[in-house]
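Peer 1: Need coordinates for the following:
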Amino acid sequence: MRYRTRVTAPTAALLGAAAVPVLAPIARARSADEDGTTDGTPGEEGLGDPVYPRLGNSGYRVSAYRLDLTYRPGTKLVDASVTISAYATKDLSRFSLDSVGLGIHGVWVGGRKAAFEQRPDKLVVTPAARIENRAKLVVRIDYTADPRKLRAPDNGWVPTPDGFAVAAQPDLARTVFPCNDHPSDKADFRFRITVPKGLTAAANGSLVSTRRAKNGTTTFVYRSRDPIATELVQITVGDYRLTERRGPGGMPLRDVVPRGRAKALEPALALTPGQLLWLERRLGRFPFETYGLLPANTDDPAAFDFTGLETQTLTLYKPGFLLQKESQIAPHMVHELVHSWFGNMVSPATWADLWLDEGHADYYALLYRYERGWPDSLGLATMEARMKDVYSRGDQWRKDSGPVAAPTASSLFDNQRYAGGSLVLYALRTLVGEDKFTRIERAYLDRYRNSNAATNDYITVASEVSGRDLSGFLNDWLYGTKTPRMPGHPDWTVTPPSTVATRREQRRSPKDLASATL
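Peer 2: Residues are numbered from 1 along each chain as shown. Down below sits the predicted model:
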């Protein structure tokens, strides 16, 4: 969950997630004079995402990132190196990586020094020789990062008094490491983080090894069993304690907790196993090897502009938020946990598909709340009452924020993707019934496990499982400029949109309208 605004260039044509071809045997880079052919073409700087068209590069696909970071507490700087394993999707004379605010020291391609140029949002690399189509591409970049160089909310680093955490959604992994910063290019990750004595490092996935050196530093190595989208990367350093417990079926859980607050935060952390059990009964087995919470070691209100963020296997929170009573925090915790299935395991093909993640997260979080008899932020006590309220706002939200599945960069994290997305799911469930809706959810998750899916993919699965063509019904709900009639509720009405109540006013009262308070 994140609430922020951003401005970008005009929308480009939609580009679906490309199928991953089988790799050819490793091919070497070749120069033009070897066979008289051309020198190749530069990879296009941008994948044409409808929300962030300049993110990514079309000339390659990444298979793995290896990050090596050393935190220097005296300067608060991070000395880093990233090794990227990829394969070319065309003959390349040069290619780019998304990169903002990083001090690049050197670039090597296939072990050979490469020329590079730092542009405002790209690191453009020109290898010593052309990269052949389908060839394996290994790129190493040495750089220095200053977690305090950029200001929030345009910084993927979250500086803390004793280190940092990472909050990369939607397009800020590029401020942490050079990368192909688009969710359609998921990859394997391995993290090697060296910290001074007294500090602890953590990252996505499982702890592989811990090694202490004679100079007093400790190196932590983490690896994720499953691919990760760059926006879901988490790396943190600080005065933390790793707390372990067991989830359903003995699943290993681990929390990364500020050492001085471990006792105070324990009541919140202890809620995770029960929440996991509740969700597994609805969505199937938890998809990753572990899960846990990271209450970042900071009380700075400007540290980040959200309640929680679903970085894969390790959800980021403000510690103060987790000190509240269960009825206030548990629905939000379930929201972030739902993202393990919708958003992390199945990632959006483009940022226009964000409603699939946030709509599902709000939907199940609200169900969890109402089952426990906890009124929501509007004082409503049932899913039907909440959806009726959201329904009444539909035309206003479509006017202010666009249709549910057609956001812009400035409206990406508006109500339409959250409560508006949950309303679409409620309408679908009302139309097809609880049993078929559950089968649709499971079939969608199974089909796109550890991959990406677009809105049309969900519509296709829904039609197949329900045994009826739902494309017209769902397209009206997702792309229409007017709110459709709610199945089974002919009495529900939509309030005509006001010419006065703009999205600007909407954002001034997030507790009244946004799902930030569920």
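
Peer 1: Wait, Arg272 touches Tyr291, no?
Peer 2: Actually, residue 272 is Thr rather than Arg. Yes: when contacts are counted by C-beta atoms under 8 Å, Thr272 is listed as touching Tyr291 (6.9 Å). Glycine gets a C-beta too; all of them are placed from N, C-alpha and C.

Peer 1: Need the residues touching each of those two.
Peer 2: Between them, Thr272 and Tyr291 have 247, 253, 337 as joint contacts when contacts are counted by C-beta atoms under 8 Å, 6 or more residues apart in numbering.

Peer 1: most neighbours, which of the residues you listed?
Peer 2: Neighbours here are counted as other C-beta atoms under 10 Å. On that basis the top member of the shared contacts of Thr272 and Tyr291 is Leu337, with 26 neighbours.

Peer 1: so what's it up against?
Peer 2: Leu337 makes contacts with 272, 275-276, 279, 291, 315, as judged by C-beta under 8 Å, 6+ apart.

Peer 1: Next step: these restricted to helices.
Peer 2: If you go by DSSP state H, these have 272, 275-276, 279 in helices.

Peer 1: Just the pLDDT for Pro21.
Peer 2: The per-residue pLDDT reported for Pro21 equals 31.

Peer 1: what do you get for Thr41?
Peer 2: pLDDT, the model's per-residue confidence, is 81 for Thr41.

Peer 1: on that earlier part again, the ones in helices among the contacts of Leu337: which two are farthest apart?
Peer 2: Between all members of the ones in helices among the contacts of Leu337, the longest pairwise span (C-beta to C-beta) is found for Thr272 and Leu279 and amounts to 10.5 Å.

Peer 1: pretty sure Asp121 is in contact with Arg174, am I right?
Peer 2: Yes: if you go by C-beta under 8 Å, Asp121 and Arg174 touch, sitting 7.2 Å apart.

Peer 1: Give the residues shared as contacts by the two.
Peer 2: Contact criterion C-beta under 8 Å, 6+ apart; residues shared by Asp121 and Arg174: 98-100.

Peer 1: Give me the subset of those residues lying in strands.
Peer 2: With strands defined by DSSP state E, the entries of the shared contacts of Asp121 and Arg174 inside them are Asp98.

Peer 1: Just the closest of the shared contacts of Asp121 and Arg174 to Trp355, please.
Peer 2: Each of the shared contacts of Asp121 and Arg174 was scored against Trp355 by C-beta to C-beta, and Asp98 proved nearest at 23.8 Å.

Peer 1: gap between the nearest residue to Gln118 once chain neighbours are set aside and Gly46?
Peer 2: Closest residue to Gln118 apart from its sequence neighbours, by C-beta to C-beta, 6 or more residues apart in numbering: Ile104 at 5.8 Å. Distance from Ile104 to Gly46, counting by C-beta to C-beta, to the nearest Å: 20 Å.

Peer 1: More neighbours: the two, which one.
Peer 2: Between Ile104 and Gly46, Gly46 has the larger neighbour count (other C-beta under 10 Å), namely 21 against 17.

Peer 1: Quickly list what Ser451 is bridged to.
Peer 2: On DSSP bridges, the residues paired with Ser451 through beta bridges are Val346.

Peer 1: State whether Arg211 and Thr218 are indeed in contact, as I suppose.
Peer 2: Yes: A contact is recorded between Arg211 and Thr218 when judged using C-beta under 8 Å, the distance being 7.0 Å.

Peer 1: Show me which of these two is the more surrounded one.
Peer 2: Higher neighbour count among Arg211 and Thr218: Thr218, with 17 against 11, using other C-beta under 10 Å.

Peer 1: Determine the longest helix present in the protein.
Peer 2: Determined from DSSP H, the single longest helix within the chain is helix 355-371.

Peer 1: Give me the angle between the helix or strand just after it and helix 355-371.
Peer 2: Under the assignment DSSP states H and E, the closest C-terminal helix or strand after helix 355-371 is helix 383-392. Between helix 383-392 and helix 355-371, the angle comes out at 140 degrees (axes from the mean of the first three to the mean of the last three C-alpha atoms, to 10 degrees).

Peer 1: what comes up buried for helix 383-392?
Peer 2: When burial is assessed from 16 or more other C-beta atoms under 10 Å, helix 383-392 yields the following buried residues: 383, 386-391.

Peer 1: same deal with stretch 161-170?
Peer 2: Using 16+ other C-beta under 10 Å as the test for burial, stretch 161-170 gives 162-170.

Peer 1: what's the span of it from first residue to last?
Peer 2: Chord length of stretch 161-170, first to last residue, is 25 Å (C-alpha to C-alpha, to the nearest Å).

Peer 1: Identify all contacting residues around that stretch.
Peer 2: Everything outside stretch 161-170 that qualifies as a contact, by C-beta under 8 Å, 6+ apart, is 2, 6, 51-52, 71, 73, 78, 147, 156-158, 173, 175-176, 195, 199, 230-239, 294, 296-298, 304, 306, 309, 311, 316, 351, 412.

Peer 1: Now do that stretch, average pLDDT.
Peer 2: On average, the pLDDT along stretch 161-170 is 97.

Peer 1: What distance separates the opening and closing residues of stretch 376-389?
Peer 2: 12 Å.

Peer 1: more neighbours, Thr272 and Tyr291?
Peer 2: For Thr272 versus Tyr291, neighbours defined as other C-beta under 10 Å are more numerous around Tyr291 (23 against 20).

Peer 1: Give me the below-cutoff pLDDT ranges for this protein.
Peer 2: Flagging of the chain using pLDDT under 70 yields the residue ranges 1-39, 499-517.

Peer 1: swap the cut-off to 80 and go again
Peer 2: 1-40, 43, 499-517 (pLDDT under 80).

Peer 1: all helices of it, in order?
Peer 2: Counting by DSSP H, the chain has these helices, from start to end: 262-269, 272-283, 326-338, 355-371, 383-392, 394-401, 419-432, 434-447, 455-466, 471-479, 503-508, 510-513.

Peer 1: May I see the ones you listed arranged in JSON lines, with distance to Val138 as well?
Peer 2: Supplementary listing: those in JSON lines, determined by distance: least, C-beta to C-beta, whole Å:
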{"stretch": "helix 262-269", "distance to Val138": "40"}
{"stretch": "helix 272-283", "distance to Val138": "37"}
{"stretch": "helix 326-338", "distance to Val138": "35"}
{"stretch": "helix 355-371", "distance to Val138": "32"}
{"stretch": "helix 383-392", "distance to Val138": "49"}
{"stretch": "helix 394-401", "distance to Val138": "43"}
{"stretch": "helix 419-432", "distance to Val138": "39"}
{"stretch": "helix 434-447", "distance to Val138": "32"}
{"stretch": "helix 455-466", "distance to Val138": "32"}
{"stretch": "helix 471-479", "distance to Val138": "41"}
{"stretch": "helix 503-508", "distance to Val138": "45"}
{"stretch": "helix 510-513", "distance to Val138": "45"}
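
Peer 1: Tell me which of those lies nearest to Val125.
Peer 2: For those, distance to Val125 was read as C-beta to C-beta. The smallest value, 31.5 Å, belongs to helix 355-371.

Peer 1: by contact count, what packs against that closest one?
Peer 2: For helix 355-371, the elements it packs on are helix 272-283, helix 326-338, strand 346-348, helix 383-392, helix 419-432, helix 455-466, judged by 3 or more C-beta pairs under 8 Å, 6 or more residues apart in numbering; DSSP states H and E.

Peer 1: just how off-centre is that helix within its chain?
Peer 2: What separates the centre of helix 355-371 from the centre of its chain is 17 Å, taken as C-alpha atoms, centre = their mean, to the nearest Å.

Peer 1: surely Arg386 meets Ser377?
Peer 2: No: in this structure Arg386 lies outside contact range of Ser377 using C-beta under 8 Å: 9.6 Å.

Peer 1: which of Asp121 and Arg174 has more neighbours?
Peer 2: Neighbours were tallied for Asp121 and for Arg174 using other C-beta under 10 Å; the higher tally belongs to Arg174 (23 against 17).

Peer 1: Pull the contacting residues for that one.
Peer 2: By C-beta under 8 Å, 6+ apart, the neighbours of Arg174 are 97-100, 121, 156, 181, 230.
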